[in-house]
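Peer 1: Could you work out the structure for the sequence below:
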Amino acid sequence: MNKKQVEKILGNPTWADSDSGVPLTLAWKNGNCNPVVVTFNKKMKVDGWDEGRAECLKVAYSHLPGDEYLCARSNRHGMCKALVAVG
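Peer 2: Model (predicted):
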């Protein structure tokens, strides 16, 4: 799957990271459970995911990515929107 196909299923991501050693990691808020996380390779194809089922609590899940990774931030907005495959 590519990013567009993933977003068609999950909607717009909440967080984005390209600093962790993989070309792109996107994460979605998942209620009282840990976030849904999808990683992409250099061609922007899915190469891993976490369905967000490992830990679900009776209260809001609090181990979330930091605010510096929010898609709403200007330096992350481009990662969360239209992406072009590299290579």
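Peer 1: Tell me the bridge partners for the closest residue to Met1 other than its chain neighbours.
Peer 2: Spatially, and ignoring its direct neighbours in sequence, Met1 is nearest to Val46 (4.7 Å; Cβ to Cβ, 6 or more residues apart in numbering). Backbone N, C-alpha and C define where each C-beta goes, glycine included. With DSSP bridges applied, Val46 shows beta-bridge pairing to Phe40.
Peer 1: what residue ranges in this structure are flagged as low confidence?
Peer 2: 82-87 (pLDDT under 70).
Peer 1: would you list every one of the strands in it?
Peer 2: Along the chain, the segments classed as strands by DSSP state E run 15-17, 24-28, 36-40, 46-50.
Peer 1: Thought Thr39 was touching the residue nearest to Met1, still the case?
Peer 2: Yes: between Val46 and Thr39 there is a contact under Cβ atoms under 8 Å: 7.3 Å.
Peer 1: Looking at the two, which has the bigger crowd around it?
Peer 2: In this view Val46 and Thr39 are compared by other Cβ atoms under 10 Å, and Thr39 has more residues nearby, 18 against 15.
Peer 1: re earlier: against Val22, how distant is the residue nearest to Met1?
Peer 2: 11 Å (Cβ to Cβ, to the nearest Å).
Peer 1: Now the common contact residues for those two.
Peer 2: 39-40 (Cβ atoms under 8 Å, 6 or more residues apart in numbering).
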